[in-house]
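> sharing a sequence plus its predicted fold:
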Amino acid sequence: MDLPDSIWEEVASYLRLEFGQSDEDPDSIKPSDLKYAGRRAEGNVMTHFWEMPSGPVQRWATVEVDESEYCLGMSLEGPDGKATDDVRAITTFVVDFVATQDGLKKIPSIHESLPFRVGARTTEIPVRFPSEESLSFYVEVFPGDPPDVSIQILRDGTDLLLVRCCSGVIVSYAYAGYDCLIQIGKGPWNS
């Protein structure tokens with residue numbers, strides 16, 4: 001079976017559904033965000049792979065094809081058959097701001113390359129909201145195998161959120177009419 005001409009849009013639509021993104025959101029996954037990465041045959045099934053914006057652990061969008069049908073999915077294994085290496089260095093820090101109320105201004109995303117200095121707090125990354133409220137973001141990387149990472153959000157020197165875990169973090173934090181989608185990990189993600 002051949003893949004239809006619309007497969008890129010079908011893969012992007014599937015990923016928007018999986019990640020809870022709206023088709024109308026201009027920042028949602030589009031076919032242009034995908035990169036064809038190859039294919040692999042197993043028996044009578046051919047699996048096609050696309051690199052995609054996927055969070056702290058590299059995943060691939062997949063389309064499995066047999067003689068009569070195809071199935072969309074995601075995989076931690078790439079076209080080479082190897083699973084994602086979770087011990088790779090943390091490389092990306094992204095915060096996307098999604099307005100939860102009509103009429104709020106768009107706030108530019110934060111997109112920083114890591115590594116930050118291991119064991120040391122990063123430079124403060126301040127964000128001012130249209131309501132004149134502000135937050136400060138900090139990222140800290142701790143050595144290990146895999147490394148630990150923490151994200152801290154402060155308002156006027158007071159902790160609002162502190163999360164620490166291995167290899168990456170994805171957190172959604174609501175503040176001043178916006179959902180702040182925070183991603184730290186291997187990236188890259190589009191923002």
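Perfect, thanks for sending it. Numbers count the residues shown, from 1 in each chain.
> helices and strands of this protein: which one has the lowest mean pLDDT?
strand 110-113 (a mean of 80; mean pLDDT, DSSP states H and E).
> that one: partners in the sheet, and parallel or antiparallel?
Sheet pairing of strand 110-113 (DSSP bridges) gives strand 92-99 (antiparallel).
> hey, C-alpha coordinates of the partner strand in CSV?
Output of strand 92-99 as CSV, limited to C-alpha atoms (Å, rounded to 0.1, in the frame of the first residue of the first chain):
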residue,chain,number,x,y,z
THR,A,92,17.1,22.9,25.6
PHE,A,93,14.9,25.1,27.9
VAL,A,94,11.6,26.3,26.4
VAL,A,95,8.6,28.2,27.9
ASP,A,96,5.6,28.8,25.7
PHE,A,97,2.8,31.1,26.9
VAL,A,98,-0.7,30.3,25.8
ALA,A,99,-3.4,32.8,26.5
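> which positions within it qualify as buried?
By 16 or more other C-beta atoms under 10 Å, the buried positions in strand 92-99 come out as Thr92, Phe93, Val94, Val95, Asp96, Phe97, Val98. Just so you know, the C-beta spots here come from the backbone N, C-alpha and C atoms, and that holds for glycine as well.
> need the residues you listed in CSV with distance to Phe137 and pLDDT, can you?
Listed next are the buried residues of strand 92-99 as CSV, based on distance: C-beta to C-beta, whole Å; pLDDT from 0 to 100:
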residue, distance to Phe137, pLDDT
Thr92, 14, 76
Phe93, 8, 80
Val94, 11, 85
Val95, 6, 89
Asp96, 12, 90
Phe97, 11, 93
Val98, 16, 92
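> flag the shaky bits of the protein, pLDDT-wise.
54-57, 84-91, 114-123, 142-147, 166-168, 186-191 (pLDDT under 70).
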